[in-house]
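[1] I'd like to go over a predicted model; first the sequence, then the structure.
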Amino acid sequence: MDYLQITGGAKLSGAINISGAKNSALPVIAATILSDKPVTLTNLPNVVDIRTLLKLLTILGGEVEHNNTIATINNGTINSTKAVYEIVSQMRASILVLGPLLARFGECEVSLPGGCAIGQRPIDLHLKALESMGATIEIKGGYVRAEAPNGLKGAKIIFDKITVGGTENIVMAASLAHGTTTIINAAKEPEIVQLCEMIKEAGVSIEGVGTSTLIIEGTGQKPLTFKEIKIIPDRIEAGTYLCAGAITNSSITIKKANAMHIQATIDKLESMGCCFEINNDEITIHPSSRLKPVSLITSEYPGFPTDMQAQFMAVATMAIGESVIEERLFENRFMHVSELNRLGSDIWLKGSVAAVRPVAELNGAEVMATDLRASSALVLAGLVAKGVTNVHRIYHLDRGYDDLEGKLSALGAKIERLNNRV
Ligand code: EPZ
């Protein structure tokens, strides 16, 4: 299995490009099911999750041409509406095909994603919303079987909890439904905005884009025709590299980023003493040699993202005082704590709150990645740990970071991908 070997202590400098956002590309790819004509997507990140979802489309009968950052997808040839366990179990975001398949074909079967390393992650809110749109839903043999033979009907949906994937599924379903759907307590992430803009460009009326109330006029099962779509920059990848600058006390520049999408991340790094220069799509971080502790609580956009919590915990290990980090979205998103402590950090957990106490230094060790963002936190810690850190199970990283070791090497980090052949 591949692992990353990092020799800590190198100062970083220079600039790297931010890739397209995985979490935007996934719903955009799922939304192509709403069309029976070819559509081209550009600026896709070159990561495993994207290849997994494209593979699912080919299993459904779609035609996909994919070359690194560009894919042309023709879902006019879909001849199956069953999203099989073999794919969904690899990537829970495959649940995003549920809304568009049901809306376009009036029936589908999607494997239940099951739990995952960061929490239970149920899909009850997706299912309840589809039921209010007239779907009949049955769970059998590990699959969600959904039917709406005469098409979905517009409805008023109030999400009990803000859900990114739930909002995306219902936006897609509503765009082909009969009548008007109102979503209250919708998620407002930039990824939702991109999905709504893509559907609007195809002629569907959506009011309230970027707010918590979305009003969608469905086409009554008439498939959409999309224009070419360029995936927005990955705000979590951008934030991760800014953390690399902060933790290594280095000035670095990220290009092709969107500063508006990472305001919460920039604010927290500023509160730790870092400074920023922002020029159109380029962001330069000037770090603080004495990082101040941070206090943060994860929340929905535009709040501080849960997907940046682990990386900030790594940075906080180098602060001059005690930081307090509270995770409010996922009940089990602290698996990186014990691995960071193997590198010599002093982190204490009580329920959903972690106290990160200052330590003089981190020391290289063997550590294990447990999920995507936990993996990048371990890499960040490895950049400053004395000696060699080997980060194992990096298949988690490969799901969502485009060429992490290439980009960090370009900035001067001593990092290489090795294979222990077991
Ligand atoms: C998306 O997951 C992201 N994934 C996650 O990114 C991200 O951490 C998360 O949103 C929160 O920002 C993609 O975009 C592909 P949710 P999603 O539905 O949609 C609960 C990464 O590292 N909930 O907004 O699955 C849920 O358990 C990842 O790239 C229900 O209770 O997240 C959680 O506590 C991991 N019932 C909260 O809502 C439901 O039906 C928010 O989850 C749905 C969700």
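    Arrived safely, thanks for sending. Residues are numbered from 1 along each chain as shown.
[2] quick one: the strands in the stretch 1-150 of the chain, in order.
    Under the criterion DSSP state E, counting those that start in this stretch, strands of the stretch 1-150 of the chain are mapped to 2-7, 15-17, 38-42, 63-67, 70-74, 82-83, 107-111, 136-140, 143-147.
[3] now those in TSV, with mean neighbour count, mean pLDDT and distance to the ligand?
    To be clear about C-beta, it is placed using only N, CA and C from the backbone, and glycine gets the same treatment. Output for those, formatted as TSV (neighbours: other Cβ atoms under 10 Å; pLDDT from 0 to 100; distance: least, Cβ to the nearest ligand atom, whole Å):
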stretch	mean neighbour count	mean pLDDT	distance to the ligand
strand 2-7	19	96	18
strand 15-17	17	98	19
strand 38-42	18	98	16
strand 63-67	14	97	18
strand 70-74	19	98	17
strand 82-83	20	96	15
strand 107-111	21	97	13
strand 136-140	12	96	13
strand 143-147	20	97	12
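[4] would you turn those into CSV with distance to D49?
    Formatted as CSV, those follow (distance: least, Cβ to Cβ, whole Å):
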stretch, distance to D49
strand 2-7, 17
strand 15-17, 19
strand 38-42, 14
strand 63-67, 13
strand 70-74, 13
strand 82-83, 15
strand 107-111, 16
strand 136-140, 25
strand 143-147, 20
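[5] any idea how many residues pack against W348?
    12 (other Cβ atoms under 10 Å).
[6] er, I231 actually
    The burial count for I231: 24, using other Cβ under 10 Å.
[7] next: G141.
    Neighbours around G141, by other Cβ under 10 Å: 10.
[8] interface residues of the chain facing the ligand?
    23, 26, 93, 119-126, 161, 163-166, 306-307, 329-330, 372-373, 400 (Cβ under 6 Å from any ligand atom).
[9] from the residues you listed, list just the buried residues.
    23, 26, 93, 121, 123, 125-126, 163-166, 306-307, 329-330, 372-373, 400 (16 or more other Cβ atoms under 10 Å).
[10] out of the residues you listed, which are inside helices?
    Taking DSSP state H, the ones among those that sit in helices are 23, 26, 125-126, 164-166, 372-373.
[11] pLDDT and distance to A135 added to these, as CSV?
    Output for those, formatted as CSV (pLDDT from 0 to 100; distance: Cβ to Cβ, whole Å):
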residue, pLDDT, distance to A135
N23, 98, 25
L26, 98, 22
L125, 96, 14
H126, 97, 11
V164, 98, 21
G165, 97, 17
G166, 98, 14
L372, 94, 31
R373, 95, 33
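[12] of those residues, closest to L152?
    H126 (13.0 Å; Cβ to Cβ).
[13] what's the spacing between the closest one and K22?
    From H126 across to K22, the span is 20 Å (Cβ to Cβ, to the nearest Å).
[14] kindly report the same for I118.
    15 Å.
[15] if I look at G114, what pLDDT would I see?
    Per-residue pLDDT puts G114 at 67.
[16] and S212, by the same measure?
    Predicted confidence (pLDDT) for S212: 98.
[17] same for the helix or strand harbouring S376, what does it pack against?
    According to DSSP states H and E, S376 maps onto helix 372-384. When contacts are defined as 3 or more Cβ pairs under 8 Å, 6 or more residues apart in numbering; DSSP states H and E, helix 372-384 sits against strand 2-7, helix 235-247, helix 309-316, helix 336-342, strand 388-392, helix 395-398, helix 404-410, strand 414-419.
[18] G208 is nearest to which of those?
    Minimum separation from G208 across the helices and strands packed on helix 372-384 (Cβ to Cβ) falls at helix 235-247, 21.3 Å.
[19] output that closest one as CSV, restricted to C-alpha atoms.
    Provided in CSV are the C-alpha atoms of helix 235-247 (Å, rounded to 0.1, in the frame of the first residue of the first chain):
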residue,chain,number,x,y,z
ARG,A,235,-12.1,25.8,-0.9
ILE,A,236,-11.0,23.0,1.4
GLU,A,237,-7.9,22.3,-0.6
ALA,A,238,-7.1,26.0,-0.6
GLY,A,239,-7.6,26.2,3.2
THR,A,240,-5.3,23.1,3.6
TYR,A,241,-2.4,24.8,1.8
LEU,A,242,-2.9,28.0,3.8
CYS,A,243,-2.6,25.9,6.9
ALA,A,244,0.6,24.5,5.4
GLY,A,245,2.0,28.0,5.2
ALA,A,246,0.8,28.8,8.8
ILE,A,247,2.2,25.6,10.4
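[20] strand partners of the very next helix or strand once past it, parallel vs antiparallel please.
    Under the assignment DSSP H and E, the closest C-terminal helix or strand after helix 235-247 is strand 252-255. With DSSP bridges as the test, strand 252-255 is paired with strand 15-17 (parallel), strand 282-286 (antiparallel).
[21] closest one to E228 among those?
    Of all the strands paired with strand 252-255, it is strand 15-17 that lies closest to E228, at 20.0 Å by Cβ to Cβ.
[22] so what touches the closest one?
    Outside strand 15-17, the residues that touch it by Cβ atoms under 8 Å, 6 or more residues apart in numbering are 241, 252-256, 282, 407, 410-411.
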